[in-house]
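J.: Got a predicted structure here, sequence first:
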Amino acid sequence: MAAKPKLHYPNGRGRMESIRWLLAAAGVEFDECFLETKDHLTKLKKDGFLLFQQVPMVEIDGMKMVQTRAILNYIAAKYNLYGKDLKERALIDMYVEGLLDLNELIMHHCIQPADKKEQHLATIEDKATNRYFPVFEKVLKDHGQDFLVGNQFSRADVQLLETILMAEECKPDILAQFPLLQSFKARISNIPTIKKFLQPGSQRKPPLKEEDLPKIMKIFH
Amino acid sequence: MAAKPKLHYPNGRGRMESIRWLLAAAGVEFDECFLETKDHLMKLKKDGFLLFQQVPMVEIDGMKMVQTRAILNYIAAKYNLYGKDLKERALIDMYVEGLFDLNELIMHHCFQPADKKEQHLATIEDKATNRYFPVFEKVLKDHGQDFLVGNQFSRADVQLLETILMAEECKPDILAQFPLLQSFKARISNIPTIKKFLQPGSQRKPPLKEEDLPKIMKIFH
């Protein structure tokens, strides 16, 4: 029996959250080892567990995988969430990469200096509603199917839902102009593995609270 | 006969260069349409050619592909430069993602304000010699093979060579402590498709000159 994947990261979303989403969507149980202190990170480095001295790191199938995208690619391919051929993979990759760009923007919000936070929030809202969400609204409109690619549940759907929910945390009515994304959100949220992950008590992490930021910064700096 | 891929980007390295390298390594001829002005970029956007309003964009196999990693993944898989199975792909992805992080750092050097350039260069040198290059020196040492993964030429080898050469432009003796990377560099440079790409007159782009930076900035801002 293969060991459960084991995630090494602080107890928060950061760059590990998309990985938690994808494992959960695939119905894969996983363990987590939370980095609490700088010493803990230093030990991982000294023990040679972090290829480039960085987390996320996921122990999976005998490997100590690092680099968020490498880990996501592996999980997606292993659990058939990466399309059925090269062309579907190309579409999925394009969609996911665009969403990861928006994610990155949202992720950086908590580390903005106080005098830049409002402007940054405006940027997130602008990019979400003018650059990214229209694309996915149109994709769903054009093919009329339940899932983004190939009429089949894939990592692209998982990533879009994750990103929608994070964007809504920034602006609750951010999907106001996007009826198909609203029904997409409801539909994907209802998939059993996703539904379970969205319930309290799951391994999904809450947004970073301002008071927790110093502790996280201490681990890495 | 399939049309040649067509690359849309300013006449410079930026985020398109890794794509040029990979196509060249695969022996694939490609055309380039250089963005010279902001109007040109606006037209591409207005014509609906850029999924997220951004370049790089590559017309390939009937698709208008965007997002650097999506494009690279597609090319690598199509031309068998992505390993033979999931585990090899995982290694390749880890190595390539690490190298992209270093690439990103090097790419940002030209945008640094004058008073930060020296510090930034020191950071590049530090990361290259202490975080990234030791990893690949060890990989080559441990398996003693010619190529990084699976005893077979892959996108990881192409990416490593590209990054080595860019790092050497920052500091010519940056490989001083890495004998295996030195022989790797010589060996991969000798592969016929790579050798051709390294010759004058190829589609490889030179580093950005300071005087060309304003023109590039005008296109995007």
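T.: Cool, the structure landed.
J.: The lowest-mean-pLDDT helix or strand in chain A close to chain B?
T.: The weakest-scoring helix or strand in chain A, judged by mean pLDDT, DSSP states H and E, is helix A:213-220 (a mean of 92). No: applying CB under 8 Å from any CB of the partner chain, one finds helix A:213-220 out of contact with chain B, separated by at least 14.2 Å. In this view, the C-beta of every residue, glycine as well, is placed from N, C-alpha and C.
J.: residues near A:F153, how many?
T.: A:F153 has 20 neighbouring residues, counting by other CB atoms under 10 Å in any protein chain shown.
J.: Distance from the chain centre to the least confident helix or strand of chain A, please.
T.: Distance of helix A:213-220 from its chain centroid, counting by CA atoms, centre = their mean, to the nearest Å, is 21 Å.
J.: buried residues in that helix?
T.: A:I216, A:I219 (16 or more other CB atoms under 10 Å in any protein chain shown).
J.: Name the residues that touch it?
T.: Helix A:213-220 is touched from outside by A:P10, A:G12, A:G14, A:L35, A:E36, A:T37, A:K38, A:H40, A:L41, A:C110, A:I111, A:L208, with contacts defined as CB atoms under 8 Å, 6 or more residues apart in numbering or on different chains.
J.: quick check, nearest of the residues you listed to chain B?
T.: For these, the closest approach to chain B (CB to the nearest CB) belongs to A:L41, at 14.2 Å.
J.: show me where chain A has helices.
T.: A:17-25, A:38-46, A:68-78, A:86-107, A:117-127, A:133-143, A:155-170, A:179-189, A:192-198, A:213-220 (DSSP state H).
J.: which residues sit against stretch A:144-154?
T.: Against stretch A:144-154 from outside (CB under 8 Å, 6+ apart): A:25, A:76, A:81-84, A:88, A:91-92, A:95, A:136, A:139-140, A:143, A:156-157, A:160, A:187, A:191.
J.: Which parts of chain A belong to which domain?
T.: Structural domains of chain A, as assigned by the TED database, span the residue ranges A:6-79+A:198-220, A:86-190.
J.: I'd like to know which of these lies nearest to B:P56.
T.: Closest approach to B:P56 among these (CB to CB): domain A:86-190, 11.2 Å.
J.: just how off-centre is the closest one within its chain?
T.: Chain-centre distance of domain A:86-190: 11 Å, with CA atoms, centre = their mean.
J.: about what we covered before: could you dump the helices of chain A to TSV with distance to A:K6?
T.: Below are these laid out as TSV (distance: least, CB to CB, whole Å):
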stretch	distance to A:K6
helix A:17-25	11
helix A:38-46	12
helix A:68-78	12
helix A:86-107	23
helix A:117-127	32
helix A:133-143	32
helix A:155-170	20
helix A:179-189	27
helix A:192-198	18
helix A:213-220	18
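J.: looking at those, which is closest to B:I60?
T.: So among these, helix A:86-107 is nearest, using CB to CB, at 8.8 Å.
J.: now check that closest one, is it near chain B?
T.: Yes: applying CB under 8 Å from any CB, one finds helix A:86-107 in contact with chain B at A:L86, A:K87, A:R89, A:A90, A:D93, A:M94, A:V96, A:E97, A:G98, A:D101.
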